[in-house]
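A.B. asks: Sequence and predicted structure below; questions after.
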Amino acid sequence: MRLLTLKIDVDTYRGTREGIPRLVDLLQRFNANATFLWSLGPDHTGRAIKRVFRPGFMKKVSRTSVREHYGIKTLLYGTLLPGPDIGKRCAPLMREVVAAGFESGVHTWDHIRWQDGVAEADEAWTAAELNASIERYVEIFGEPPQTHGAAGWQMNAHAYRLEQRLGMRYASDGRGTHPFWPMVRGEPVRVPQLPTTLPTLDELIGIDGLTPDNVHEHLLRLTEAEMRFGHVYTLHAELEGMKLLPVFERLLAGWQEQGYQFVSLGEHCAALDLSQLPYHEVQMAEIPGRSGVLAVQGPQFL
């Protein structure tokens, strides 16, 4: 059985309110399961303006039409406009997604705050952010989350260890090639990582002649060969749930033709023999198409 895990990062208020219903409808038409990872606190997307000083950031922005995908109003949240509380305003919609049979988990409390701050943060800061998101998650769903997927694939050593202490059963916090047990500063963390294995649309569009009209063909070529552990594809409510929804539909159709079954992170984890997973160090490194460094699967720990 060829498994393709769909991990949906929900970053913004607009993405939650507008993108999620469209994605749910499309997934149901393909009988596809997925994991929705929620941003549960304030939408402060406008504060990402500070990233203009990062190497490569403006080049990425010019390729991916940030204004078109996120909208002017979203790009002002947290600066000229107050950031709406996503979890408070969108709780009924989030519960509808779970009632429809989809898995959900924690993405973050404040997406911009985590993505821009966690790499250098101490344990107290990291715990406060994670605890805020978990408390809100419990308020909405009545039970603690089983999984976490880091905003912007940004992590630190404290965050990995806190996942274990907070009872996460599995996580998808970084990029890599296959599931593994993470080693953090030489110590194992007993929360298996199911890393994103495929590039995202915003990393591909605008490079080497790839456009919204043909980028699906590139991704389908990457999934032609059978992989032992299948693939994890990360999509975004703000992209595949909105302007790039037709691209995602073409991807689902192509993957279906290739014989893939679409599963959640939980289903992916349940299909693994966890006792046979290797241990790998976790690192921060650059990947093509994305500015800055992010969490990646490092060398196998022997």
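C.D. replies: That came through, no problem. Numbering: from 1, shown residues only.
A.B. asks: Do a quick rundown of the strands in the stretch 51-200 of the chain.
C.D. replies: For the stretch 51-200 of the chain, the strands defined by DSSP state E, counting those that start in this stretch cover 103-108, 147-148, 170-171, 181-184, 187-188.
A.B. asks: which residues make contact with the first one from outside it?
C.D. replies: Spelled out, that is strand 103-108. With contacts defined as Cβ atoms under 8 Å, 6 or more residues apart in numbering, strand 103-108 is touched by 9-11, 33-41, 94, 97-98, 114-115, 129-130, 133-134, 137, 141, 145-151, 264-267. For the C-beta atoms, the positions are set from N, CA and C on the backbone; glycine is no exception.
A.B. asks: any idea how far it is from the chain center?
C.D. replies: With Cα atoms, centre = their mean, to the nearest Å as the basis, strand 103-108 stands 9 Å off its chain's centre.
A.B. asks: just for the stretch 51-200 of the chain, where's the confidence low?
C.D. replies: Applying pLDDT under 70 to the stretch 51-200 of the chain flags residues 51-72, 76-78.
A.B. asks: can you give me the helices for it?
C.D. replies: Along the stretch 51-200 of the chain, the segments classed as helices by DSSP state H, counting those that start in this stretch run 57-64, 66-70, 86-99, 111-117, 123-141, 157-165.
A.B. asks: can you list contacts of stretch 136-148?
C.D. replies: Residues contacting stretch 136-148 (Cβ under 8 Å, 6+ apart): 35, 37-38, 40-41, 87, 91, 94-95, 98, 103-107, 109, 130, 134, 163, 166-173, 265-266.
A.B. asks: switch the cut-off to 6 Å
C.D. replies: Applying Cβ atoms under 6 Å, 6 or more residues apart in numbering, the contact partners of stretch 136-148 are Leu40, Gly87, Ala91, Met94, Gly105, Val106, Glu163, Met168, Arg169, Tyr170, Ala171, Leu265.
A.B. asks: you'd agree the second one is up against Pro42?
C.D. replies: No: Gly87 lies out of contact with Pro42 (Cβ atoms under 6 Å); the separation is 9.1 Å.
A.B. asks: what are the bridge partners for Leu294, then?
C.D. replies: Ala285 (DSSP bridges).
A.B. asks: So for it, what's the pLDDT?
C.D. replies: At Leu294, the pLDDT value in this model is 97.
A.B. asks: about what we covered before: need the contacts of stretch 136-148 in JSON lines (columns: neighbour count and distance to Ala48).
C.D. replies: Below are these laid out as JSON lines (neighbours: other Cβ atoms under 10 Å; distance: Cβ to Cβ, whole Å):
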{"residue": "Leu40", "neighbour count": "29", "distance to Ala48": "18"}
{"residue": "Gly87", "neighbour count": "23", "distance to Ala48": "20"}
{"residue": "Ala91", "neighbour count": "17", "distance to Ala48": "25"}
{"residue": "Met94", "neighbour count": "21", "distance to Ala48": "23"}
{"residue": "Gly105", "neighbour count": "24", "distance to Ala48": "23"}
{"residue": "Val106", "neighbour count": "26", "distance to Ala48": "20"}
{"residue": "Glu163", "neighbour count": "25", "distance to Ala48": "25"}
{"residue": "Met168", "neighbour count": "24", "distance to Ala48": "27"}
{"residue": "Arg169", "neighbour count": "17", "distance to Ala48": "31"}
{"residue": "Tyr170", "neighbour count": "22", "distance to Ala48": "29"}
{"residue": "Ala171", "neighbour count": "27", "distance to Ala48": "24"}
{"residue": "Leu265", "neighbour count": "26", "distance to Ala48": "26"}
